[in-house]
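# One predicted model, sequence on top.
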Amino acid sequence: MKHVLEFDSIQLSFGERRILSDIAVRCETNKITALLGRNGQGKTSLFKIVYGALETNEKSIRFDGTPIAKPCSRPDLLRYLPQFNFAPAFLNLARVFEDFELDFGEFSNRFPEFRSTSRRCVKNLSGGERRFLETYLILKSKSKFVILDEPFTHLMPLQIEKISQLIIEEKANKGIIVTDHMYISILDVADNVYVLTNGKTHLLKNNAELAIFGYIPPVVQL
Ligand SMILES: Nc1ncnc2c1ncn2[C@@H]1O[C@H](COP(=O)(O)OP(=O)(O)OP(=O)(O)O)[C@@H](O)[C@H]1O
């Protein structure tokens, strides 16, 4: 059964500075929805509002047409990969997988580079290993939707490829909303791409519009 997550009518200012003013995003299960935008345009702020980690007076977030006030209290509906590390630093990987109700064996069989890490504390992983682990935990969770805020940060190209593959596979089970400045990898997997600029979201008609919105230089051929 198809599910729909929509968010619009979101207003956000920091002091006198208006960040978000004209937002309209629609995400569906079995689809990958990308949000691109120049640095500082408000992508993370928007995701935090949708998840419920940042308060704002005006917002409308609906799941299958029903408003949800605090999606962060409904992990069955929505989970969020923030830009910062969230897996508890002093737990070992076996315990983290247990807490997330995921199978460490399945993870380490698929990604043998993690095979001997079940007793290792999260804090002893490298930056890239930790980002890979945390992205996996969110992507494989049983939520109907997940938001991934820059999942490719710290990842080497080979791991970016593996996460891209996982994103494509997991869309069979959920709706995925993603932003990352590795935009070519994002364009490769996305079904719909929005650009956030000057507080407004635009659904892209074609990739060339990325240059028109000033996200990529005009010379890049996509
Ligand atoms: N708590 C805050 N107080 C004041 N200004 C803030 C706060 N959080 C974010 N900002 C500002 O709001 C703007 C949007 O920030 P945000 O992190 O949402 O942008 P972004 O599109 O995710 O950027 P990037 O691509 O660089 O990650 C930025 O100019 C940022 O400096």
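That came through, no problem. Remember, it's a predicted structure, so these values are computed and weren't measured experimentally.
# From here on, just use CA atoms for contacts and neighbour counts.
Noted.
# what is the residue most central in space within the chain paired to in the beta sheet?
Using C-alpha atoms, centre = their mean, the residue of the chain that lies closest to the mean C-alpha position is Leu148, 1.2 Å off. Counting by DSSP bridges, Leu148 is bridged to Leu81, Val178.
# Go ahead and confirm it touches Pro82.
Yes: here Leu148 reaches Pro82: they are 6.9 Å apart, a contact under C-alpha atoms under 8 Å.
# Make sure Ile176 is indeed in a strand.
Yes: counting by DSSP: H, G, I helix; E, B strand; the rest coil, Ile176 falls inside a strand.
# Buried residues in stretch 212-221, which are they?
Across stretch 212-221, burial judged by 16 or more other C-alpha atoms under 10 Å covers 213, 215-216.
# Is that stretch positioned near the ligand?
No: Stretch 212-221 lies apart from the ligand when judged by C-alpha under 6 Å from any ligand atom; the minimum separation is 10.5 Å.
# Cys72 versus the residue nearest to the centre of the chain, what's the distance?
Going from Leu148 to Cys72 by C-alpha to C-alpha, to the nearest Å gives 14 Å.
# Repeat that for Asn39.
In terms of C-alpha to C-alpha, Asn39 sits 25 Å off from Cys72.
# What are the boundaries of the strands in this structure?
Assigned by DSSP state E, the chain shows strands spanning 4-8, 12-14, 17-20, 24-28, 32-36, 60-63, 66-67, 78-81, 145-149, 175-179, 192-197, 200-203.
# got the CA coordinates for the fourth one in CSV?
The C-alpha atoms that make up strand 24-28 are tabulated as CSV, following Å, rounded to 0.1, in the frame of the first residue of the first chain:
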residue,chain,number,x,y,z
ALA,A,24,5.7,22.3,-0.8
VAL,A,25,7.2,18.7,-0.8
ARG,A,26,5.4,15.5,-1.5
CYS,A,27,7.1,12.1,-0.8
GLU,A,28,5.8,8.7,-1.5
